[in-house]
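Asker: Let me see the structure of the following:
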Amino acid sequence: MDADQIGALFTRAEGSYLCARWGRPIVPVVFGVEDATLGVIKGAVEAVVALAGHSMAETDTELGANLMLFFVRDWDELRGVPKLDQLIPGLMPLLDRLEAAGANQYRVFRFEPGDAIKACFVLVRMDGHLSDLPAETLALSQAAQMMLTWSEGAFAGASPLGQVEGRAVLRPEVAAVIRAAYHPVLPVVGRDASHALRLAARISG
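Answerer: From the prediction side, this is the model:
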């Protein structure tokens, strides 16, 4: 990818640029899946975190878990989750919008004072399309999308995944962007499109 293509991955519809990475070890917890699928999801998170050169932990001293993944059949199920509206301000209006749009996934990020990612809430409605996907494919896709603050249209035209011998893998260019964004020489947050030039240079280098 060149700098323009990378920039498009982090440029919002209104034109602002934001590429933020996690600033603390990731501690995932998963709701709404069977035990067998739980291991698949956590394994996918571990794989993408390792790719980035980031770290995981058993607990977050402030939040307990800082990556929460909710898998539901209907958005209305989330209205009854105790205290979820305290973790996600504006949850009820958000669910109204997701229902109206027929959306099947959404990610809510919370940030540190320095704007690194502090927590992420992954909301997935298992509609017909997502239910047809192998668990490994769905898990890897969600793991990749929570690692950085991708724009809403980053993967609208193409999935972050590809296929190798029938197995889902991260597309090489997406993996390269994740690795570059987590390189220690780059800032944890980029708010200017020039950040995409630095990512491109890191990838080509």
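Asker: Which elements pack onto the top helix by length along the chain?
Answerer: Scanning the chain for the longest helix, with DSSP state H as the assignment, gives helix 35-52. Packed against helix 35-52 by the contact rule (3 or more Cβ pairs under 8 Å, 6 or more residues apart in numbering; DSSP states H and E) you find strand 28-31, helix 135-145, helix 172-181. (C-beta placed from N, C-alpha, C; glycine too.)
Asker: The chain: strands as residue ranges?
Answerer: Ranges of strands in the chain, per DSSP state E, are 19-20, 28-31, 67-72, 105-111, 117-125, 161-164, 167-170, 189-190.
Asker: For stretch 63-74, list every residue counted as buried.
Answerer: 65-71 (16 or more other Cβ atoms under 10 Å).
Asker: Quick check: end-to-end length of that stretch?
Answerer: 26 Å (Cα to Cα, to the nearest Å).
Asker: cool, and stretch 130-138?
Answerer: First residue to last in stretch 130-138 (Cα to Cα) measures 7 Å.
Asker: contacts for it?
Answerer: Residues outside stretch 130-138 that contact it (Cβ atoms under 8 Å, 6 or more residues apart in numbering): 36-37, 40-41, 44, 104-105, 124, 161, 167-168.
Asker: Give me the buried stretch members for the longest helix of the chain, please.
Answerer: For helix 35-52, by 16+ other Cβ under 10 Å, it's 37-38, 40-42, 44-45, 48-49, 51-52.
Asker: Share the number of residues neighbouring the closest residue to G64 other than its chain neighbours, please.
Answerer: Counting by Cβ to Cβ, 6 or more residues apart in numbering, G64 lies nearest to V27, which is 7.3 Å off, once chain neighbours are set aside. Using other Cβ atoms under 10 Å, V27 has 19 other residues around it.
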